[in-house]
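>>> give me the fold of what follows.
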Amino acid sequence: WRAMRALEADRPPSAPADEAAPAVTPIPYAAVLEDLADPVMVIAADEPYEVTGHRLVFANRAARDLFRIYRPDVRLITAIRNPQIIELVEEALFGGVGGDTTFETGAAQDRSWTAVASPLAPAPWGASMALLILRDQTDLRRAERMRADFLANASHELRTPLASLSGFIETLRGPARDDVAAREKFLGIMQAQAVRMSRLIDDLMSLSRIELNEHIAPLGRVDLSGAVTDVTDALMPVVRAKGVSFAWSPPGRDRVVVEGDRDQIIQVVQNLVDNAVKYTPAGGVIGIEISAPVEGDAPPPRDPEATRLPLLTPENRAGGAYAQLRVSDQGPGMPRDALPRLTERFYRVEGQKSGDKSGTGLGLASVKHIVNRHKGGLAAETVLGQGSTFSVWLPLSVSPTERIRADAVAQVS
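Residues are numbered from 1 along each chain as shown. Alright, predicted model coming up:
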């Protein structure tokens with residue numbers, strides 16, 4: 001592009017004429033900008049307030065990837081439609097004033113950016129010039145939100161068990177000091193509350209770590225059938241003790257391979273199967289099924305009486321397909337109005353908040369954030385009094401050749 005060629009022609013000032021002065025090595029400035037991790041753009045414009053005339057005369061690789069710029073001399077309004085950035089660039093172009101602003105790119109995985117605009121010297125052909133640099137602040141913003149959310153949620157959820165512990169301690173130090181039976185009963189309750197607080201903190205920390213890295217795409221390949229088998233084998237003692245069983249026919253090792261982080265996919269399977277074991281009564285059967293390849297659009301529920309709700313819609317991949325994991329229980333099911341809130345933090349269905357069915361209410365929230373990081377989908381369907389089914393879609397792994405072909409199709413589209 002013209003700006004890149006001009007930058008390539010630029011050279012640092014020569015040293016004073018001196019026989020002892022070392023030779024100055026030319027620096028390829030355009031190549032330096034091209035390889036920067038931050039998106040960098042140079043904008044040219046001829047007339048003020050003519051936004052449609054602002055054009056990109058240079059965009060480095062990071063900017064081209066972010067805004068899907070596939071040809072030179074693109075209009076700025078075609079690549080960036082954010083009015084704050086347009087105004088910022090206008091001030092730099094014709095007001096000679098630099099500035100910055102923050103904005104977010106709305107998508108399944110929000111990203112936070114800081115845009116910095118600076119005026120440049122006019123171009124040789126007379127156009128006004130400005131430099132626009134974007135800095136990804138997603139990690140910083142997520143860390144701030146994670147810290148605030150953790151403090152708010154932890155203080156709220158820990159208040160009840162701490163109040164219970166304080167009450168029992170006062171009782172044991174007072175009226176029940178010499179009551180052996182009461183002491184044993186209260187100590188058992190206190191131990192259960194301490195275990196609950198420990199589990200709550202562990203789940204909160206796990207969810208916070210998941211949210212912090214949610215915008216970073218996983219790069220691994222995972223045998224989905226092997227992940228499910230590992231989880232079911234680990235839970236077999238619990239399943240036998242409760243008197244339930246698995247209906248699970250593995251499709252074979254390495255038959256269904258998905259893109260993802262193995263530890264997080266194991267966590268998804270673990271949470272879904274744990275819930276199914278928790279809610280299935282003795283003598284019941286927990287159904288586990290893997291289907292591949294399938295489309296990202298969820299099929300209608302198998303039971304015509306079931307209420308079904310997508311909790312997370314998978315991204316529409318060009319030329320891509322998904323693997324679908326379904327986990328079904330034979331529990332009490334859920335009322336229709338509970339489905340939209342299933343992935344909220346600490347939400348538990350009314351009537352299932354105590355006893356052996358109690359939990360922290362963070363399991364499905366973790367599942368949603370993990371699946372979102374994997375650009376997958378999540379849906380729930382239920383029949384009151386008969387059971388529930390959770391379905392997860394994960395992108396199937398593709399070969400490098402297929403990936404290049406899919407990217408080419410996406411660019412043409």
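>>> where's the most centrally placed residue in the chain relative to Arg111, distance?
By CA atoms, centre = their mean, the mean C-alpha position of the chain lies nearest to Glu214, the distance being 2.9 Å. Distance of Glu214 to Arg111, given as CB to CB, to the nearest Å: 10 Å. Heads up, the C-betas are built off the backbone N, CA and C, glycines and all.
>>> pLDDT weak spots in this structure?
The chain contains residues with pLDDT under 70 at 1-29, 106-109, 146-147, 149-157, 297-301, 316-320, 350-360, 399-413.
>>> tell me where it has helices.
2-9, 29-34, 61-67, 76-79, 83-90, 138-173, 180-212, 224-242, 262-279, 363-373, 400-412 (DSSP state H).
>>> okay, those helices, which one's buried deepest?
helix 363-373 (a mean of 23; mean count of other CB atoms under 10 Å).
>>> skipping adjacent residues, who's closest to Ser164 in space?
Gln193 (5.4 Å; CB to CB, 6 or more residues apart in numbering).
>>> try Thr114
Arg135 is the one closest to Thr114 (CB to CB, 6+ apart), at 4.6 Å.
>>> residues contacting that neighbour?
Listed by CB atoms under 8 Å, 6 or more residues apart in numbering, the contact partners of Arg135 are Asp38, Trp113, Thr114, Ala115, Val116.
>>> so what's the first one up against?
Applying CB under 8 Å, 6+ apart, we find Asp38 in contact with Ala62, Ile133, Leu134, Arg135, Asp136.
>>> quick one on the thing from earlier: can you give me the distance of the residue nearest to the centre of the chain to Ile370?
The value you get for Glu214 to Ile370, if CB to CB is used, is 8 Å.
>>> check Ala30 too.
Counting by CB to CB - Ala30 and Ile370 are separated by 40 Å.
>>> again, but for Arg159
28 Å.
>>> cool, and Ile43?
39 Å.
>>> over to Val273?
For Val273, the distance to Ile370 equals 15 Å [CB to CB].
>>> again with Leu158
Leu158 is 24 Å from Ile370, by CB to CB.
>>> could you pull out the strands for the stretch 251-400 of the chain?
Ranges of strands within the stretch 251-400 of the chain are 257-259, 285-294, 307-312, 322-328, 377-383, 387-395, based on DSSP state E, counting those that start in this stretch.
>>> need the contact list for the nearest residue to Ala306 once chain neighbours are set aside.
Nearest residue to Ala306, sequence neighbours excluded (CB to CB, 6+ apart): Glu381, at 4.5 Å. Applying CB under 8 Å, 6+ apart, we find Glu381 in contact with Pro301, Asp303, Ala306, Thr307, Arg308, Leu309, Ser388, Thr389, Ser391.
>>> export those residues as CSV, with columns for distance to Ile286 and neighbour count.
Output for the contacts of Glu381, formatted as CSV (distance: CB to CB, whole Å; neighbours: other CB atoms under 10 Å):
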residue, distance to Ile286, neighbour count
Pro301, 18, 16
Asp303, 16, 14
Ala306, 17, 18
Thr307, 20, 19
Arg308, 19, 17
Leu309, 21, 15
Ser388, 11, 26
Thr389, 11, 22
Ser391, 15, 24
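>>> ok, those residues vs Ile169, which is closest?
Among those, Ser388 lies closest to Ile169 (CB to CB), at 39.4 Å.
>>> Asp110 touches Glu104, doesn't it?
Yes: under the criterion of CB atoms under 8 Å, Asp110 makes contact with Glu104 at 5.3 Å.
>>> quick one: Arg64 from Arg302, how far?
For Arg64 relative to Arg302 (CB to CB), the value is 45 Å.
>>> go on, Leu309?
15 Å.
>>> then Leu394?
Distance of Leu394 to Arg302, given as CB to CB: 20 Å.
>>> who has more neighbours, those two?
With neighbours defined as other CB atoms under 10 Å, Leu394 and Arg302 compare such that Leu394 has more, 25 against 11.
>>> check contacts around Gly53.
Gly53 makes contacts with Ala45, Asp46, Glu47, Arg75, as judged by CB under 8 Å, 6+ apart.
>>> at 7 Å instead, please
By CB atoms under 7 Å, 6 or more residues apart in numbering, the contact list for Gly53 reads Ala45, Asp46, Glu47.
>>> if I look at the second one, how far off is Val273?
Distance of Asp46 to Val273, computed by CB to CB: 63 Å.
>>> cool, Ala59 as well?
47 Å.
>>> nothing else from me, thank you.
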